[in-house]
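# the following comprises the amino acid sequence and a computationally predicted model.
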Amino acid sequence: MIEIDRALIRFRTKTGHVDAVRDVSLRVETGEVFGLVGESGSGKSTLLRALAGLTPLAGGSMHTGSRPDRPARRDVQMVFQDPYGALHPRFTVDKTLREPLSINGIGDEDARILAALAEVGLGPAFRFRYPHQLSGGQRQRVSIARALIVEPRVLLLDEPTSALDVSVQAEILNLLRRLHRERDLTMILVSHNLAVIGFLCQRVAVMRNGEIVEQLGIDAVRARNVAHEYTRRLLRATEGYVRGQGA
């Protein structure tokens, strides 16, 4: 469903340029949930934005298995990290969900909006609320509904739970796992937390300084069967490793 071949993403600076992503290649199969993990600044979110068409490539290529009978942008949708910044503050939930339907020329808008809300666990009472009237978890549910309402084949998730309370994180992760199963979605999940990756993903790529240092199956992650020292450090951090503990 997704094929990335030697992707290069470059940003201009005052003194020249910086390569945020360098020589990244990976494949994601249809229906797979693939994880990208790494510390802040490793390039994982930049790679995701390039897949969504929001950031241009300076080199290499990216391809998604879009249907020939409809625009690629409809088949690839993204859920952003910050549920507080992802929704227009002056749009009701109804308008937020109606807009992508109008852009893509999809009819039966009222029925689709109600169905999208129900799918993410929100009733019709939320339809005419504004973002400031919603909790963080409810906002993220609306963001997920907005992405899914155009019936994409690929869902890109940029740390969708990191800005939420721990109890709400679990609800959103369970929702995403159910949606993956029911819709047979292909997903790429970006996170700095290997525990979150392990809950949803079948495979994971570890990124550092704009490069992939290791790709492995999630069973290898759970068994701590990793080759790169950086991956081992991420595992220790996920386990709550505390320097000097027990001293």
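That came through, no problem. Residues are numbered from 1 along each chain as shown.

# tell me how many other residues crowd the closest residue to residue 54 other than its chain neighbours.
Computed as CB to CB, 6 or more residues apart in numbering, the closest residue to residue 54 that is not its neighbour in sequence is residue 78, at 7.7 Å. From N, CA and C alone the C-beta is placed, and that goes for glycine too. Counted with other CB atoms under 10 Å, the neighbours of residue 78 add up to 21.

# now swap in the one 4 residues further on and tell me
A count of nearby residues for residue 82, using other CB under 10 Å, gives 16.

# what's the answer for the one 4 residues further on, then?
For residue 86, the number of neighbouring residues by other CB under 10 Å comes to 20.

# I'd say it and residue 143 touch.
Yes. The pair residue 86 / residue 143 is scored as a contact, 5.1 Å apart, by CB atoms under 8 Å.

# per-domain residue ranges of the protein.
Taking automatic domain parsing as the criterion, the chain consists of the domains 1-65+154-247, 87-152.

# please name whichever of those is nearest to residue 74.
Taking CB to CB, domain 87-152 is the member of those nearest to residue 74, at 5.0 Å.

# quick one: mean pLDDT for that closest one?
Mean pLDDT, computed over domain 87-152, is 94.

# also stretch 211-225?
Stretch 211-225 comes out at a mean pLDDT of 91.

# tell me the buried residues in that stretch?
212-214, 216, 218, 220-221 (16 or more other CB atoms under 10 Å).

# ok, now stretch 27-34?
Applying 16+ other CB under 10 Å to stretch 27-34 flags 28, 32-34 as buried.

# in CSV: the domains of the chain, plus distance to residue 74.
Shown next, in CSV, are these (distance: least, CB to CB, whole Å):
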stretch, distance to residue 74
domain 1-65+154-247, 10
domain 87-152, 5
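
# contacting residues for residue 35?
Contact analysis of residue 35 by CB atoms under 8 Å, 6 or more residues apart in numbering lists 188-191, 197, 200-201, 203-205, 218.
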